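Q: Model the structure of this input:
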Amino acid sequence: MGRDYQKWASGLIRGKVLFDAPMRHFTSIRLGGPAECLLFPGDVNELKKVVRFARRKKIPFFILGKGTNLIVRDKGVHGWVINLTRGMKKITMDGKVVEAEAGLPLQRVVQFSIQKELTGLEPFFGIPGTVGGGLAMNAGAWGAELKDVLLSMTLMKEGGEIIERPRSKLRFSYRGLSLSPSWIILKGRFRLKKGKKEEILERVKSYSEMRKRRQPLGSLSAGSVFKNPKEGPAGKWIEEVGLKGFRIGQAMVSDHHANFIINLGKAKAEEVIYLLEFIEKKVYQERGISLEREVKVVGEP
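A: Residues are numbered from 1 along each chain as shown. So this is what the prediction gives:
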């Protein structure tokens with residue numbers, strides 16, 4: 001069946017198509033087996049074509065941004081992986097509203113808003129994912145969440161129909177968005193405020209320095225691995241049960257911030273997943289706290 005998936009993908013779009021693509025090249029933690037097909041639609045029409053074809057042929061697929069908050073298993077991904085980062089990166093401005101497509105890095109949107117002297121996105125400086133990924137997980141930092149500045153979102157429904165939903169009709173939660181799993185985020189519109197460039201840059205600098213102090217930015221990671229439970233920061237509980245710096249093979253709990261798992265260079269996804277499970281079990285046994293994962297695990301078990 002894998003060969004059929006590859007044959008069907010060949011020539012389907014003008015955008016790039018890769019076969020047996022090592023997912024370690026497309027994830028921030030730099031691990032994971034091959035994707036049978038990795039497709040890069042050039043625009044919304046090509047994305048629609050790919051999605052409709054996959055659903056008609058019952059080809060399993062998932063949408064990939066920059067590969068942050070993602071662990072791909074060592075056996076790789078069966079079916080198609082659809083990457084939006086090469087063809088869906090437009091950004092425009094209308095007054096104080098910025099519209100950005102799902103494949104654009106969130107960092108680029110922050111930089112764009114700074115250039116246009118618009119304020120509201122400064123807390124998201126340094127978050128490494130895309131607009132689509134940020135909206136899907138309601139990315140947040142320093143008490144701000146992406147939903148706070150969202151005006152509306154454009155989505156592709158199961159059959160390829162494109163709709164726009166205002167913020168009031170979307171169900172966000174802490175690090176989450178309740179959306180039909182068959183719908184795809186295409187772009188977001190953000191309502192910002194006019195600001196002074198010097199003050200905006202000062203806030204960005206402050207957030208950037210805090211991030212450098214608190215997070216292992218120079219290491220290979222998938223970002224924060226657990227959501228903060230109501231009892232307090234996940235990293236605090238992981239550290240309290242003695243797991244800061246703990247490692248399984250080449251996967252290690254960061255000794256800088258315990259809510260990050262680091263790939264020391266040659267980690268396997270299996271080691272990271274074992275480490276996730278070990279942390280969950282130990283924190284629950286010793287503190288009675290159930291940690292919920294922020295990272296997503298995909299691929300063949």
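Q: Just give me the neighbour total for residue 117.
A: 15 (other Cβ atoms under 10 Å). All C-beta atoms are positioned from the backbone trio N, CA, C, and that covers glycine.
Q: Do I have it right that residue 226 meets residue 293?
A: Yes: taking Cβ atoms under 8 Å as the definition, residue 226 is a contact partner of residue 293 at 6.0 Å.
Q: Neighbour count: those two, which is higher?
A: residue 226 (26 against 16).
Q: That one - nearest residue in space that isn't next to it in sequence?
A: residue 234 (3.9 Å; Cβ to Cβ, 6 or more residues apart in numbering).
Q: so what are the domain limits for this protein?
A: Following automatic domain parsing, one gets these domains for the chain: 2-83, 91-199, 216-298.
Q: Would you reformat the ones you listed as CSV and include mean pLDDT?
A: Listed next are the domains of the chain as CSV, based on pLDDT from 0 to 100:
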stretch, mean pLDDT
domain 2-83, 95
domain 91-199, 96
domain 216-298, 97
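Q: Now render these as JSON lines, adding distance to residue 208.
A: Formatted as JSON lines, the domains of the chain follow (distance: least, Cβ to Cβ, whole Å):
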{"stretch": "domain 2-83", "distance to residue 208": "17"}
{"stretch": "domain 91-199", "distance to residue 208": "6"}
{"stretch": "domain 216-298", "distance to residue 208": "10"}
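Q: just so I know, which of those lies nearest residue 209?
A: Residue 209 sits nearest to domain 91-199 of all the domains of the chain, at 10.1 Å, using Cβ to Cβ.
Q: Pull the contacting residues for the residue nearest to residue 226.
A: Contact analysis of residue 234 by Cβ atoms under 8 Å, 6 or more residues apart in numbering lists 224, 225, 226, 227, 228, 258, 259, 291.
Q: Go ahead and confirm the second one touches residue 292.
A: Spelled out, it's residue 225. No: in this structure, residue 225 is not within contact of residue 292 by Cβ under 8 Å, at 10.3 Å.
Q: which one of these two has more residues nearby?
A: The neighbour count for residue 225 versus residue 292, taken as other Cβ under 10 Å, is higher for residue 225 (27 against 13).
Q: Can you list phi and psi of that one for me?
A: Dihedral angles of residue 225 (phi, psi; degrees, to the nearest 10) stand at phi -90, psi -30.
Q: Now do it against residue 146, distance only.
A: Applying Cβ to Cβ, to the nearest Å, the value for residue 225 to residue 146 is 20 Å.
Q: and if you look at residue 167?
A: As judged by Cβ to Cβ, residue 167 and residue 146 stand 10 Å apart.
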